[in-house]
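1. 3D, please:
(2 chains)
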Amino acid sequence: MLANALPTLIFYLLAAISLTLAWSVVTGRRILRAAVSLMGVLAASAGLYLLLDSPFLAGVQVLVYVGGIVVLLVFAVMLTRTTELLEDHPTRGRQLLGGAVALTFFGLSYCMMTAPVFANRALTALPKNDVAAIGRALLDTGENGYALPFEVVSLLLLAAMIGGIVIARKPAALVKSEVHHG
Amino acid sequence: MGDFLANHAPTLTHWLVLTSALFSIGIYGMLTRRNAVGVLMSLELCLNAAAVNFVLFNRYLAPTNLGGAERLDGAVMTIFVIAVAAAEVVVGMAIFVAMYAERRTVDVTRLDALKD
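-> Numbers count the residues shown, from 1 in each chain, chains lettered A, B, ... in the order given. All right, here's what the predicted structure looks like:
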């Protein structure tokens, strides 16, 4: 009985944590605090992956999202010195617009979620070793394989890396004038 | 207490309500934030909710006539989403840094150079 009760308890706990922190990500006035809340949301999502029996994805989530993406966002905050600017509360009009769009989206998707196709679905079984299965799927060149998207993503990452360096570096003229003027 | 919890295990609909609530909060943030980095953070919330959804559909709706138990398409898609999110943040951060060097602000309501 306890074995059945525990996942339910963890699910509602993680849901409450991630919803609260997500709200503070979008409404917090201090942007660095919002970044820390975002880290909490992403860590809670790693817990959700564990609940869904995907420990490998939970690991990837912690490594890439919590460890990499949030750190990059914190760098972006620091380099643009937005920590000093306390964000004003959004105007009433923007709040209304944002709330209306978000609630409309939630309402529409709620109508779809209660469709009979989603009701009373049981969990399907997973392969015994899902890391090996994911690896095979990523390198499979056959009909259901993902070898081509995998290569495309590696190209995308390379392009993003080069693009990031080229966009963020100082223009050559600026560097030269700084050298001349000390 | 234990019996109550055991009888109320989350179904697919509960999971979907949670992920789409997270996605809606992300949408709200994208439309109300003025700081460009804040907009990017809200976008990350949306991407993360969608990534959880892929795993959910893999676990609950994998078509058994295609060997549902053996398929991990949802997990593979989640890995792709995470990789694309990483690439997107790198480019976004570079753009914000360049923009700050040029205009001294990352307030999205004042970045209207393309407007006229």
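
2. quick check: phi and psi at the closest residue to residue A:59 other than its chain neighbours.
-> The shortest distance from residue A:59 to any non-neighbouring residue, by CB to CB, 6 or more residues apart in numbering or on different chains, is to residue A:46 (7.9 Å). Just so you know, the C-beta spots here come from the backbone N, C-alpha and C atoms, and that holds for glycine as well. Per-residue torsions, residue A:46: phi -60, psi -40 (degrees, to the nearest 10).

3. what sits closest to the closest residue to chain B within chain A if chain neighbours are left out?
-> When distances are taken as CB to the nearest CB, chain A reaches nearest to chain B at residue A:26, 3.0 Å away. Excluding its sequence neighbours, the residue lying closest to residue A:26 (CB to CB, 6+ apart) is residue B:29, at 3.0 Å.

4. surely the one you found meets residue B:35?
-> No: judged on CB atoms under 8 Å, residue B:29 makes no contact with residue B:35 at a distance of 10.5 Å.

5. in the chain, which spans are strands?
-> All of this is about chain A. For chain A, no strands turn up when DSSP state E is the criterion.

6. can you show me the helices along it?
-> For chain A, the helices defined by DSSP state H occupy A:2-27, A:31-51, A:55-60, A:70-79, A:92-113, A:130-139, A:147-168, A:172-180.

7. deepest-packed of those, please.
-> helix A:31-51 (a mean of 21; mean count of other CB atoms under 10 Å in any protein chain shown).

8. run through who's touching that one.
-> For helix A:31-51, the surrounding residues in contact (CB atoms under 8 Å, 6 or more residues apart in numbering or on different chains) are A:7, A:10-11, A:14, A:17-18, A:21-22, A:24-26, A:28, A:55, A:57-59, A:61-62, A:65-66, A:69-70, A:73-74, A:77, A:82-83, A:87, B:22, B:35, B:37-38, B:41, B:44-45, B:48, B:51-52, B:55.

9. what about chain A, any weak spots by pLDDT?
-> Confidence mapping of chain A against pLDDT under 70 gives the ranges A:1-2, A:82-88, A:125, A:127-129, A:171-182.

10. same check, this time on chain B
-> In the predicted model, chain B carries pLDDT under 70 at residues B:1-2, B:63-70, B:116.

11. tell me the angle the helix or strand encompassing the residue nearest to residue A:26 makes with helix A:31-51.
-> Under the criterion of DSSP states H and E, residue B:29 resides in helix B:12-32. Using axes from the mean of the first three to the mean of the last three CA atoms, to 10 degrees, the inter-axis angle of helix B:12-32 relative to helix A:31-51 is 160 degrees.
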